[in-house]
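S.K.: Please work out how this folds:
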Amino acid sequence: MSSRGLLAAAAAAGIFALPAFSLLALPAAAAEDKEAKTESKAETYELLNLFGDVFERVRADFVEETSDEALIEAAVNGMLTSLDPHSGYLNAKRFNDMKVQTQGAFGGLGIEVTMENGLVKVVSPIDDTPAFKAGIEPGDFITQIDGEQVLGMTLPEAVDKMRGPAGSAIKLTIRRGDREPFDVSLTRAVIKIKSVRSRLEGKVGYVRVSSFSEQTDTGLQEEIEALKKAANGKLQGLVLDLRNNPGGLLTQAVSVSDEFLEKGEIVSTRARKPEDSQRYNAKPGDVMDGLPVVVLVNGGSASAAEIVAGALQDHGRAIVLGTKSFGKGSVQTIIPLSGHGAMRLTTARYYTPSGRSIQAVGIEPDIVVEQARIETVKETGPQRREADLRGALDRQAPPAGEDAEGATPPADKEAAATDYQLARALDLVRGLSLYTNRNGAATR
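M.R.: Sure thing, here's the model as predicted:
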């Protein structure tokens with residue numbers, strides 16, 4: 001074919017759909033892009049020089065001699081903690097402690113904490129630990145550790161001071177709501193987490209999941225099988241209690257959700273780069289064979305606990321009852337740093353099957369049931385959540401006249417003699433079971 005014929009064929013095929021001047025403009029655009037990148041790199045190097053200048057001045061002139069390692073670690077941790085409340089640096093010791101903790105056993109008080117306004121804030125005490133037995137509550141602020149002010153410490157420094165040999169004593173000063181600060185004396189222990197416990201309430205199974213460690217899914221299976229045997233095949237349904245559950249491993253949240261779902265998406269994570277996003281789907285098999293399930297949540301239910309509640313709620317597999325959850329909808333990746341511990345970096349947000357982001361919003365219960373009476377809620381004020389943390393992702397500014405950062409968080413008040421939320425959940429399961437049986441719906 002002649003050159004003229006080739007041009008005609010190309011034109012017919014639409015190859016020349018782009019104007020000729022676009023092709024001529026490409027080298028100029030590429031040059032501009034290259035120039036912009038070069039300028040950006042130059043600015044970055046200039047800022048790194050600033051860091052070097054400050055580092056050298058501190059080494060030379062600070063009133064006391066400092067360790068290069070301590071200065072670098074503090075700088076790295078400062079960079080990470082400025083991003084959001086959940087990113088941070090773990091030195092080798094803290095990295096090892098974290099690995100032990102996710103395996104289900106660690107030393108200390110048994111308390112999940114975060115840092116807020118320069119103080120240590122309790123997210124949740126872990127069941128049957130020294131902190132739990134001493135009456136530490138979600139929302140408490142720890143202002144002093146053995147008489148030493150927490151203000152000015154980093155979170156890892158405060159955690160290190162709270163840890164120690166089993167059997168050793170420690171005194172925490174607590175600020176709770178409008179009360180005067182008070183001291184709580186505790187004895188450290190080796191915390192061995194049994195994250196799943198159960199009991200039979202009449203013909204209704206009750207399963208409490210206190211955290212999501214490596215043994216949680218296996219423990220859930222064992223406890224439900226035990227409940228079925230104890231009920232002699234007459235189990236009416238299940239209450240899954242995720243209140244004051246601070247979360248844990250994403251993989252375990254997926255596995256626990258999968259126990260109740262036959263199919264469909266459990267959760268998706270969306271990262272900065274689309275190719276790094278992931279979806280987790282359920283496999284066939286429902287451990288409860290279609291029996292009614294009610295999930296209990298409150299302001300202390302966070303992260304992995306919210307993944308489970310959101311997945312079962314979106315699929316209509318469970319009714320969520322209680323109060324709005326904490327709202328931690330971000331995923332942290334632990335990235336080991338060769339010979340220097342690891343960094344915890346927020347790398348994605350997670351979304352429920354319907355596409356809801358829980359970050360700074362939380363899970364809204366299908367049925368709102370306060371644990372305490374209304375007048376108690378009025379006395380203590382609203383529960384603080386992820387959206388109230390300084391630097392939280394997707395945080396909305398508080399309405400005019402409200403200072404979310406400066407407010408004092410109340411504690412969730414447990415009824416002294418009766419667990420009101422649990423009582424309502426048990427009634428709901430019994431009602432659903434009765435309705436199902438009367439309408440002749442077969443259970444699987």
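
S.K.: CA atoms for contacts and neighbours, from now on please.
M.R.: Fine.

S.K.: what's the single longest strand in this protein?
M.R.: What stands out as the longest strand in the chain, according to DSSP state E, is strand 342-351.

S.K.: Looking at that strand now, give me its mean pLDDT.
M.R.: If you average the pLDDT over strand 342-351, you get 95.

S.K.: Could you name the helices and strands sitting against the helix or strand just after that strand?
M.R.: Sequence-wise, the next helix or strand downstream of strand 342-351 (DSSP states H and E) is strand 367-368. Secondary-structure packing of strand 367-368 (3 or more Cα pairs under 8 Å, 6 or more residues apart in numbering; DSSP states H and E): strand 319-322.

S.K.: so what strands line up beside the strand it packs on?
M.R.: Sheet pairing here is set by DSSP bridges, and for strand 319-322 it gives strand 293-297 (parallel), strand 367-368 (parallel).

S.K.: circling back: which outside residues touch the longest strand of the chain?
M.R.: With contact meaning Cα atoms under 8 Å, 6 or more residues apart in numbering, strand 342-351 is reached by 80, 84, 86-92, 95, 267-272, 277, 329-337, 357-359.

S.K.: With just CA atoms, put that strand into CSV.
M.R.: Provided in CSV are the C-alpha atoms of strand 342-351 (Å, rounded to 0.1, in the frame of the first residue of the first chain):
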residue,chain,number,x,y,z
ALA,A,342,9.1,-0.3,63.4
MET,A,343,6.7,2.4,62.4
ARG,A,344,3.0,2.2,62.7
LEU,A,345,1.5,4.1,59.8
THR,A,346,-2.1,4.8,58.8
THR,A,347,-2.2,3.4,55.3
ALA,A,348,-5.9,3.0,54.5
ARG,A,349,-9.5,3.6,55.5
TYR,A,350,-11.9,0.7,55.8
TYR,A,351,-15.4,0.6,54.5
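
S.K.: From the contacts of strand 342-351, list the buried ones, please.
M.R.: 80, 84, 86-92, 95, 267-271, 329-332, 334, 357-359 (16 or more other Cα atoms under 10 Å).

S.K.: Give me the subset of those residues lying in helices.
M.R.: Using DSSP state H, the subset of the buried ones among the contacts of strand 342-351 located in helices is Leu80, Ala92, Phe95.

S.K.: Closest to Arg176 out of those?
M.R.: The nearest member of these to Arg176, counting by Cα to Cα, is Leu80 at 28.9 Å.

S.K.: can you map out the strands along the stretch 51-200 of the chain?
M.R.: For the stretch 51-200 of the chain, the strands defined by DSSP state E, counting those that start in this stretch occupy 88-90, 105-108, 111-116, 119-125, 141-145, 148-149, 169-175, 182-187, 189-192, 196-201.

S.K.: so how far is Glu223 from the residue positioned nearest the centre of the chain?
M.R.: Central residue of the chain (Cα atoms, centre = their mean): Ser303, 2.7 Å from the mean position. Using Cα to Cα, to the nearest Å, Ser303 is found at 23 Å from Glu223.

S.K.: remind me which residues of the chain are low pLDDT?
M.R.: By pLDDT under 70, the weakly predicted segments of the chain are 1-34, 101-107, 372-384, 390, 395-417, 440-444.

S.K.: how is it carved up into domains?
M.R.: Residue ranges for the domains of the chain, per automatic domain parsing: 105-191, 193-438.

S.K.: mind checking how far the first one is from the chain centre?
M.R.: Spelled out, it's domain 105-191. 19 Å (Cα atoms, centre = their mean, to the nearest Å).

S.K.: again, but for the longest one
M.R.: Relative to the mean C-alpha coordinate of its chain, domain 193-438 is positioned 10 Å out (Cα atoms, centre = their mean).

S.K.: End to end on that domain, go ahead and measure it.
M.R.: 41 Å.

S.K.: what's the answer for stretch 149-169, then?
M.R.: Stretch 149-169: ends 17 Å apart by Cα to Cα.

S.K.: What residues sit buried inside the helix or strand encompassing Ala226?
M.R.: In this structure, Ala226 sits in helix 216-230 according to DSSP H and E. Residues of helix 216-230 classed as buried: Thr216, Asp217, Gly219, Leu220, Glu223, Ile224, Leu227, Lys228 (neighbour count, 16+ other Cα under 10 Å).

S.K.: For the closest residue to Ile319 other than its chain neighbours, grab the count of nearby residues.
M.R.: Closest residue to Ile319 apart from its sequence neighbours, by Cα to Cα, 6 or more residues apart in numbering: Val294 at 4.8 Å. When neighbours are counted by other Cα atoms under 10 Å, Val294 registers 25.

S.K.: Over to Met98?
M.R.: Residues near Met98, counting by other Cα under 10 Å: 15.

S.K.: again, but for Gly247
M.R.: By other Cα under 10 Å, 26 other residues sit near Gly247.

S.K.: What separation is there between it and Lys328?
M.R.: Distance, Gly247 to Lys328, by Cα to Cα: 9 Å.

S.K.: so what's in contact with the two at the same time?
M.R.: Joint contacts of Gly247 and Lys328 (Cα under 8 Å, 6+ apart) are Ala302, Ser303, Glu306.

S.K.: Neighbours of the first one, how many?
M.R.: The number of residues packed near Ala302 is 31, by other Cα under 10 Å.

S.K.: for the last one, same thing?
M.R.: For Glu306, the tally of surrounding residues (other Cα under 10 Å) stands at 26.

S.K.: hey, where'd the helices end up in the stretch 301-444 of the chain?
M.R.: For the stretch 301-444 of the chain, applying DSSP state H, counting those that start in this stretch gives helices covering 304-314, 374-380, 420-438.

S.K.: about what we covered before: out of the strands of the stretch 51-200 of the chain, nearest to Ser211?
M.R.: Across those, Ser211 has its closest neighbour in strand 196-201 (8.0 Å, Cα to Cα).

S.K.: That closest one - contacts with which helices or strands?
M.R.: Secondary-structure packing of strand 196-201 (3+ Cα pairs under 8 Å, 6+ apart): strand 204-209, helix 216-230.

S.K.: tilt between it and helix 216-230?
M.R.: 20 degrees (axes from the mean of the first three to the mean of the last three Cα atoms, to 10 degrees).

S.K.: And strand 196-201, what's buried?
M.R.: So strand 196-201, judged by 16+ other Cα under 10 Å, has buried residues Val196, Arg197, Ser198, Leu200.

S.K.: Generate TSV for the residues you listed, with distance to Asp427 as supplementary columns.
M.R.: What follows is these, written out as TSV (distance: Cα to Cα, whole Å):
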residue	distance to Asp427
Val196	22
Arg197	20
Ser198	17
Leu200	14
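
S.K.: Pull the number of nearby residues for Asn437.
M.R.: For Asn437, using other Cα under 10 Å, the count is 13.

S.K.: Please tell me how far it sits from Gly52.
M.R.: To Gly52, Asn437 is 73 Å away according to Cα to Cα.
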